[in-house]
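Chemist: fold the following for me, if possible:
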Amino acid sequence: MSGRWTAINALEARGVVGSFTNQTALAPLLAGTGYTGRDGLCHTSNLNPAYFPDGFCWTPADDVSSVWTPQGSTGSHDAQPGGTWFGKYVYIASWHNKTNTMSRISVVDNSTGGAPIYNNVLLVDPYGSGTSANFKASAGHADGITWYGNKLFLATGHVIQVYDLRHLWKLGAHTDQVGVTGSTASAAYHNYALPMIGSYSNGSGDCTATAPCPTSLSPDRNGTDSLVTSQFMLHGGGPVVRWPLNAADALLETNGPNNYTGAVTANAAYRVPIWKVQGAATDGTYYYFSGLCPEFADSKIENSDDPYCIHRAKPGEAPHVLTRAPRLTQNLSWSPSAGRLWGINERLNYSDPSRMVFSINPPN
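Modeler: Next up is the predicted model:
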C-alpha cells in the first residue's frame, strides 16, 4: 500500500487534484445535487410482496446504458452499526465499463424518502512519486463492493481492491482522459475520482479451495466483525468464506506487523449448492444467497433472462428459496438497523431495462 500512498500524498500536495481529506469527504456528493433517480421499484421485481419490497431505480439513461453495468451494492448500513453516515442514508453501487478497463461507483443519497440523488465517481489507481505522480483508471469487473468504516472493498475475482473514503478528488478538467496532464487532472468525464490505496490478492492465477476468487462481499457484525465473500460458479458448489476485519483501521486482519502487510487467514468457509451464486450476506442466523432458481439449474450458459431467486439457509443446512428476485440479482447486504436485506441487479438486456436497487424484510 505504501507506493500508492506516496502517489496520493504527492498528487494532493501538488494541488493537481482538489481533495477532500477527512471523515466528511463524501459531503460534496451528498449536498442535494447530481443525477435524479426514481423512487420505488419502477420495474417488475418478482419479489414476494409479503416481505414489503422497496427500493429505487437509476436514471433512464443509466437503466439502459451499454457502456456501464451495475454489479455490486453496499450502504451506510454496512459502514456503521447505526445504519447512517453522518446522519444520512447512503448507498453505493459499483459499475464496470463494457471492456472492464474502468470502474466507477455511484454514491446515492436516499435520505429524503423521495427520488434518490446520486453522483458518479471514477475509481483510479495512483502511481509514482513527487512531480511524476499520476493515476490511471482502476481496471476489473467491479463485481462486489462493501463499505466498512472509512474503507470500500471492491472484488474483481482474484483481487480485492481497497479505497479510502477520506480521500475524494475533485477534477479540474472534464475530458475523456484519465490522469494528470500539466497542472490539471481528468477522470473520463467524471467530476470526482477515488484513489485505490491497496489490494489483497488470492496469490494464485487459479481459483482453488485455498485461494478462492471473491466476486461478492458483505460485512458481518455479529460477534467478531468479518468480511463474507462468495464466488460465482456455474454449476454450484462455490465457496462462501469469512475473513476477519479489524475495526480500528477498517482493514482485514493480517499476520503482518500491521494490517497494511501480511496474509489474511479465513476464520470459516462453506460450500453452497446453488448454481450461479452472485451474492451472499448474513443476518447472524441465516445466510442469504442470490443465485439461479433451482428449477432452472440445468442452464449451461450465463443468460440475461435467467430467473434468479434469493435463497436462505443456516450453516450446515440445505438452502431454500425465500423469494424470486430481479433477474441477474448480484450483491446482497444485510441492514442490522432496519432488519432488511438489500440487493442490486445488473440486467444485460438493454432493450428491456429492469435495473434496480431493492430491499425486503425477510421473516424471522
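
Chemist: may I have stretch 184-191 as CSV, with CA atoms only?
Modeler: Extracted in CSV, the C-alpha atoms of stretch 184-191 (Å, rounded to 0.1, in the frame of the first residue of the first chain):
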residue,chain,number,x,y,z
THR,A,184,-4.9,19.6,-14.3
ALA,A,185,-6.4,16.2,-13.9
SER,A,186,-9.3,14.4,-15.6
ALA,A,187,-11.2,11.2,-15.0
ALA,A,188,-13.1,10.2,-18.2
TYR,A,189,-15.7,12.9,-17.9
HIS,A,190,-16.3,12.2,-14.2
ASN,A,191,-16.3,15.2,-11.8
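
Chemist: contacting residues around that stretch?
Modeler: 11, 16-17, 102, 104, 119-122, 124, 135, 137, 169-179, 193 (C-beta atoms under 8 Å, 6 or more residues apart in numbering). In this view, the C-beta of every residue, glycine as well, is placed from N, C-alpha and C.

Chemist: and it, average pLDDT?
Modeler: Averaging pLDDT along stretch 184-191 gives 96.

Chemist: pull the distance from that stretch to the chain's centre.
Modeler: On the basis of C-alpha atoms, centre = their mean, to the nearest Å, stretch 184-191 is displaced by 22 Å from the centre of the chain it belongs to.

Chemist: buried residues in it?
Modeler: Neighbour-count burial for stretch 184-191 flags 185-188, 190-191 (criterion: 16 or more other C-beta atoms under 10 Å).

Chemist: dump those to JSON lines, plus distance to residue 255 and secondary structure.
Modeler: Below are the buried residues of stretch 184-191 laid out as JSON lines (distance: C-beta to C-beta, whole Å; DSSP: H, G, I helix; E, B strand; the rest coil):
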{"residue": "185", "distance to residue 255": "37", "secondary structure": "strand"}
{"residue": "186", "distance to residue 255": "40", "secondary structure": "strand"}
{"residue": "187", "distance to residue 255": "36", "secondary structure": "strand"}
{"residue": "188", "distance to residue 255": "38", "secondary structure": "coil"}
{"residue": "190", "distance to residue 255": "37", "secondary structure": "coil"}
{"residue": "191", "distance to residue 255": "40", "secondary structure": "coil"}
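
Chemist: could you redo the residues you listed as a markdown table and give each row distance to residue 353?
Modeler: As requested, the buried residues of stretch 184-191 are arranged in a markdown table below (distance: C-beta to C-beta, whole Å):
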| residue | distance to residue 353 |
| --- | --- |
| 185 | 33 |
| 186 | 29 |
| 187 | 26 |
| 188 | 23 |
| 190 | 22 |
| 191 | 25 |
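
Chemist: before we move on, back to that, of the contacts of stretch 184-191, which belong to strands?
Modeler: Members of these lying in strands (criterion: DSSP state E): 104, 119-122, 124, 135, 137, 169-170, 178-179, 193.

Chemist: selection in ChimeraX covering whichever of the contacts of stretch 184-191 are buried, please.
Modeler: Per 16+ other C-beta under 10 Å, the buried members of the contacts of stretch 184-191 correspond to this ChimeraX selection:
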select :11,16,17,102,104,119,120,121,122,124,135,137,169,171,173,178,179,193
